[in-house]
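In: predicted model follows, preceded by the sequence.
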Amino acid sequence: MNPQEPLPVSETTSTLEPQKIGKFEASRMLVKESFNVLKQDKELIWFPVLSAIASLVILIVFAVRVFFSVMGGDVQMLNNYEQLDAVGYLVIFVYYLITFFITNYFLAGIYTIVHGRFGGNDLLFSDGIANANKHIGRIFTWSLISATVGIVLRIISNKSKILGKIVAMLFGAAWTILTYFSLPSLVIGERSIEESFKESAAIIRKTWGEVIIVNFGIGLFFGLITFFVVFVMLGIAVLVPSIKMFVFLGVLFVVYVIVLSVIYSTLGSIIKCALYEYATTGNIPQGFTPELIKGAVKAGK
């Protein structure tokens, strides 16, 4: 890539007070401004794409492995999938570990390039991979911890049809929230595993409500787009009721979901990196409206 000019801060919103920007509008603006970052560093798209491909391959391999080795190829066992023995849980744990590692590894590449962009540097895809390799030990350890938490929650959920699932859901949500900034802390902040957890928890304790609302707003924003697309496709299907049209729209929708998932994942990582940047340094990342970032997290300095 050739060096780009720094992303400009929006002149139309930079003078607004934080409370004057609605949560949904703030989420929409964050999506727009993070998309501007993506346009400058288009190679970011490759990280979630490669992550998704690798995760899909692992899913297929483990699904086949579990079906034939753990379930003995018995289709009826699919109805009793919750009644797993130690071997079954071990297989699932290994699957969790590998998929968490794949996801975290490629996320580390995204955080590296985005952090470089915020600092005025134009990094390449290879730079993201190099930094992920540099932190591969910590990434694996963090993935191991995440997999352990995941399998423990899975066991709790399977022990009770109702209570276990509720407890697992609540603890899972709490873990996800508390560790929201842990990976950026590991990769960008150069923190240890313990320090990254503490730093993430400290940031979340100050503004966990705002972070949740922002992420909910972003999800809602993309959800509304999907609703509109589905509405248009259903309208076309009604106006042109043919098998060929149904198949075409079905394929088109699958492609749309895949593309949207990749973009959503990438933009979400950019936004998380921007929030972490401000929370730990007090600096507004290039290209983001100060009121949006200040309204979501509190600076650490």
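Out: That came through, no problem.
In: hey, let's count contacts and neighbours off CA atoms from now on
Out: Noted.
In: pull the number of nearby residues for residue 259.
Out: Using other Cα atoms under 10 Å, residue 259 is surrounded by 14 other residues.
In: and the longest helix anywhere in the chain, what does it pack onto?
Out: Longest helix in the chain by number of residues, with DSSP state H as the criterion: helix 193-239. Contact here means 3 or more Cα pairs under 8 Å, 6 or more residues apart in numbering; DSSP states H and E; on that basis helix 193-239 packs against helix 23-40, helix 136-159, helix 163-178, helix 182-187, helix 243-281, helix 290-296.
In: residue 203: which of the ones you listed is closest?
Out: Each of the helices and strands packed on helix 193-239 was scored for nearness to residue 203 using Cα to Cα, and the closest is helix 243-281 (6.9 Å).
In: tell me the gap between that closest one and the middle of its chain.
Out: Its chain's C-alpha centre and that of helix 243-281 lie 10 Å apart, by Cα atoms, centre = their mean, to the nearest Å.
In: and the longest helix of the chain with helix 136-159, angle?
Out: Counting by axes from the mean of the first three to the mean of the last three Cα atoms, to 10 degrees, helix 193-239 lies at 60 degrees to helix 136-159.
In: before we move on, the earlier item: any chance of the helices and strands packed on helix 193-239 in CSV with mean pLDDT and distance to residue 60 as columns?
Out: Formatted as CSV, the helices and strands packed on helix 193-239 follow (pLDDT from 0 to 100; distance: least, Cα to Cα, whole Å):
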stretch, mean pLDDT, distance to residue 60
helix 23-40, 83, 31
helix 136-159, 92, 19
helix 163-178, 88, 25
helix 182-187, 94, 27
helix 243-281, 90, 18
helix 290-296, 75, 39
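In: would you mind giving those helices as CSV with distance to residue 226 added?
Out: Below are those laid out as CSV (distance: least, Cα to Cα, whole Å):
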stretch, distance to residue 226
helix 23-40, 15
helix 136-159, 29
helix 163-178, 25
helix 182-187, 29
helix 243-281, 8
helix 290-296, 24
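In: winner for burial among those?
Out: Of all these, helix 182-187 has the most neighbours on average by mean count of other Cα atoms under 10 Å, namely a mean of 25.
In: for that one, name the packing helices and strands.
Out: Applying 3+ Cα pairs under 8 Å, 6+ apart, we find helix 182-187 packed against helix 86-118, helix 136-159, helix 193-239, helix 243-281.
In: minimum distance to residue 130: which of the ones you listed has it?
Out: Among these, the nearest to residue 130 by Cα to Cα is helix 86-118 (8.0 Å).
In: what residues sit buried inside the closest one?
Out: For helix 86-118, the neighbour count (16 or more other Cα atoms under 10 Å) marks 88-89, 91-118 as buried.
In: that older thread, reformat the helices and strands packed on helix 182-187 as CSV; add distance to residue 186.
Out: Output for those, formatted as CSV (distance: least, Cα to Cα, whole Å):
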stretch, distance to residue 186
helix 86-118, 9
helix 136-159, 7
helix 193-239, 6
helix 243-281, 12
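In: count the neighbours of residue 228 for me.
Out: By other Cα under 10 Å, the residues close to residue 228 number 12.
In: so what pLDDT did it get?
Out: We have a pLDDT of 91 for residue 228.
In: also residue 22?
Out: 62.
In: how about residue 50, secondary structure?
Out: Assigned with DSSP: H, G, I helix; E, B strand; the rest coil, residue 50 falls in the helix class.
In: ok, it - contacts?
Out: Residues near residue 50 by Cα atoms under 8 Å, 6 or more residues apart in numbering: residue 106.
In: model confidence for it, exactly?
Out: Per-residue pLDDT puts residue 50 at 95.
In: begin at 51 from here
Out: Sounds good: first residue 51 from here, last item residue 100.
In: quick check: it vs residue 91, distance?
Out: Look at residue 100 and residue 91: by Cα to Cα, to the nearest Å, they are 16 Å apart.
In: over to residue 249?
Out: Noted for residue 249: a distance of 28 Å to residue 91, by Cα to Cα.
In: these two: who's more crowded?
Out: Between residue 249 and residue 91, counted using other Cα under 10 Å, residue 249 has the larger neighbour count: 23 against 20.
In: okay, now residue 114: neighbour count?
Out: Applying other Cα under 10 Å, we find 14 residues neighbouring residue 114.
In: and the most centrally placed residue in the chain, what does it touch?
Out: With distances taken as Cα atoms, centre = their mean, the chain has residue 315 as the residue nearest its mean C-alpha position (5.1 Å). Residues in contact with residue 315 (Cα under 8 Å, 6+ apart) are residue 98.
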